[in-house]
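Q: I'd like to go over a predicted model; first the sequence, then the structure.
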Amino acid sequence: MQTASRLSLINWIASQGLTGLPEQELLRGFCERCCDEGLDLSRGLVIIDTLHPIYEGRAFRWSDTPSNESDVIEYGSTAEGDAAKNWRRSVFYHLLEHGHDEMVIDLAEAPSLDFGQIGDLAENGHRHFLAFVHRFGESGALGQMDCLYSYWTTRRDDGFSEAELAALRDLVPVLGLAIKSAQQVDIVRTLGRVYLGRDASEQVLRGRISRGVTERINAVLWYSDLRGSTGISESIGPDEIIPFLNDYAQAVIDAIHEAGGDVLKLIGDGVLAMFWGEDMADARRAALRAEHLFRKNIAALNARRAAEGRPTTTAYIGLHVGQVFYGNIGSEDRLDFTVVGPTVNEVSRIAAMSRSVDRELLASSEFYKGLDAAGRRYLVSTGRYALRGIGRAQDLYTLDPEVDASEPVTGSYERYLAN
């Protein structure tokens, strides 16, 4: 590959990296342009670790022939089990262990080498193999994301020429920098969604990070709290407490997200969430849909945990509607993007009242009154109550017992929620 061609490809990588082209598209464009310039790549694979609550990292691959393989692979921990064994048999592990940066292999020799996957490459017609490990400096690492791994193959019998190896040594680091940049954007978005919530994360990433900048909105607020969690935590081993909390948090959060809500805070075993939009009747219905989904999640979860001999529980849920301030609250060096206002205090009090009246769901008068006529048919009053710290008494509502007791009513309610 001539110098002019290399410079042209470097400029393409840089420009596409700046525009935010996805990693797999960067790899595909790189490989196709190399082939156009006479560098006959037959396969390319780029691997980079990431920061994610489930995945350890991602791999991106390109092939010169159509296949059923995915262009993107998300992989879990390589610390144990078969994944650890496969990792220790990889060329990349060998390079790291011996402090090398690259390895060239004639794939005709694959049967005599104890490396995973290269035998498959040889059987599929690839003839020459080049692997790189590009290490990040200490200030460039982010969690486990401290290296970029890649390999490149050709089907040509005479393999890569020295000039082609030199071209790849020049070009792959530039591609790696663009892919690392894209991964860092993905990491920021992932961490934002995981720790701030979906909408709050998008607000922050759009630049709404100034202290004190808030928006006054009408929202349906959800506050849920696990029943008897303190007693359960005291009765089980320390190593069981976090799995217990995680199981039930998953059941709540999955339901809220599926119904279109946003989780704002995890407060111990409590969850604060909101539903909002132009049509507040729809937001109320979405909150009821989330509550219904949550009960289904709880039923499945409790069946599994009971079969495993683990403690089970359920949750109290309060629903309320009102104006809140939504935005940045805190100090100059520690901000929280959340909601504040009397409505937030009231919804937590409503959820706490559920214990006293022995109802798993309580909704405020404001919530009830704003439902459409069809929705109000499924709620019944539990009486009038004065909430602690709240000046006025109000009627609180719960689901009509017929929703659970009568199959026709259950079906009607589910159809209402689905509309």
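A: Everything's here; your move.
Q: distance of the residue nearest to residue 297 when sequence neighbours are not counted relative to residue 293?
A: Computed as CB to CB, 6 or more residues apart in numbering, the closest residue to residue 297 that is not its neighbour in sequence is residue 251, at 3.8 Å. (C-beta placed from N, C-alpha, C; glycine too.) According to CB to CB, to the nearest Å, residue 251 and residue 293 sit 9 Å apart.
Q: more neighbours: the two, which one.
A: residue 251 (22 against 19; other CB atoms under 10 Å).
Q: for that one, list the residues it contacts.
A: Applying CB atoms under 8 Å, 6 or more residues apart in numbering to residue 251 gives the contacts 294, 297-298, 301.
Q: just checking, what packs against the top strand by length along the chain?
A: Longest strand in the chain, counting residues (DSSP state E): strand 315-330. Contact analysis of strand 315-330 by 3 or more CB pairs under 8 Å, 6 or more residues apart in numbering; DSSP states H and E lists strand 214-226, helix 280-307, strand 335-340, helix 342-357, strand 361-363, helix 365-370 as its packing neighbours.
Q: may I have stretch 313-324 as PDB, with CA atoms only?
A: Below are the C-alpha coordinates for stretch 313-324, written out as PDB (Å, rounded to 0.1, in the frame of the first residue of the first chain):
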ATOM      1  CA  THR A 313     -41.400 -11.200  49.700                       C
ATOM      2  CA  THR A 314     -43.400  -8.600  47.700                       C
ATOM      3  CA  ALA A 315     -43.500  -4.800  47.700                       C
ATOM      4  CA  TYR A 316     -45.800  -1.900  48.700                       C
ATOM      5  CA  ILE A 317     -46.400   0.600  46.000                       C
ATOM      6  CA  GLY A 318     -47.600   4.200  46.200                       C
ATOM      7  CA  LEU A 319     -48.700   6.200  43.200                       C
ATOM      8  CA  HIS A 320     -49.200  10.000  43.200                       C
ATOM      9  CA  VAL A 321     -49.400  12.900  40.700                       C
ATOM     10  CA  GLY A 322     -48.300  16.400  40.900                       C
ATOM     11  CA  GLN A 323     -45.800  19.100  40.000                       C
ATOM     12  CA  VAL A 324     -42.100  18.400  40.700                       C
END
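Q: how far out from the middle of the chain is it?
A: With CA atoms, centre = their mean, to the nearest Å as the basis, stretch 313-324 stands 24 Å off its chain's centre.
Q: let's have the chain start at 575 instead
A: Shifting the count to begin at 575 puts that one at stretch 887-898.
Q: tell me which residues in that stretch are buried?
A: Neighbour-count burial for stretch 887-898 flags 887-896, 898 (criterion: 16 or more other CB atoms under 10 Å).
Q: closest to residue 768 among those?
A: residue 889 (21.2 Å; CB to CB).
Q: pretty sure the closest one contacts residue 799?
A: Yes: in this structure, residue 889 is within contact of residue 799 by CB atoms under 8 Å, at 6.3 Å.
Q: now what about stretch 903-914, what contacts it?
A: Contacts of stretch 903-914 (CB under 8 Å, 6+ apart): 770-771, 774, 777-778, 782-783, 785-786, 788, 793, 795, 838-839, 846, 848, 898-902.
Q: swap the cut-off to 7 Å and go again
A: For stretch 903-914, the surrounding residues in contact (CB atoms under 7 Å, 6 or more residues apart in numbering) are 770, 774, 777-778, 785, 793, 838-839, 848, 898-902.
Q: in the chain, where's the longest helix?
A: As assigned by DSSP state H, the longest helix anywhere in the chain is helix 736-770.
Q: and it, what's its mean pLDDT?
A: What helix 736-770 shows for mean pLDDT is 91.
Q: report all helices and strands that it contacts.
A: Packing partners of helix 736-770 (3 or more CB pairs under 7 Å, 6 or more residues apart in numbering; DSSP states H and E): helix 577-593, helix 597-610, strand 617-623, strand 702-709, strand 721-728, helix 772-779.
Q: tell me the angle of the helix or strand bottoming out on mean pLDDT in the chain relative to strand 889-904?
A: Sorting the helices and strands of the chain by mean pLDDT, DSSP states H and E puts helix 772-779 at the bottom, at a mean of 80. Interaxial angle of helix 772-779 relative to strand 889-904 (axes from the mean of the first three to the mean of the last three CA atoms, to 10 degrees): 10 degrees.
Q: in CSV, could you pull the C-alpha coordinates for helix 772-779?
A: C-alpha atoms of helix 772-779 as CSV (Å, rounded to 0.1, in the frame of the first residue of the first chain):
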residue,chain,number,x,y,z
ARG,A,772,-32.7,6.6,31.1
ASP,A,773,-34.2,10.1,30.7
ALA,A,774,-31.9,11.7,33.2
SER,A,775,-28.9,10.3,31.4
GLU,A,776,-30.1,11.7,28.1
GLN,A,777,-30.7,15.1,29.7
VAL,A,778,-27.2,15.2,31.2
LEU,A,779,-25.5,14.1,27.9
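Q: count of neighbours near the closest residue in space to residue 799 that isn't next to it in sequence?
A: Sequence neighbours aside, residue 844 is the residue nearest to residue 799 in space, at 4.7 Å (criterion: CB to CB, 6+ apart). Neighbours of residue 844 under the rule other CB under 10 Å: 19.
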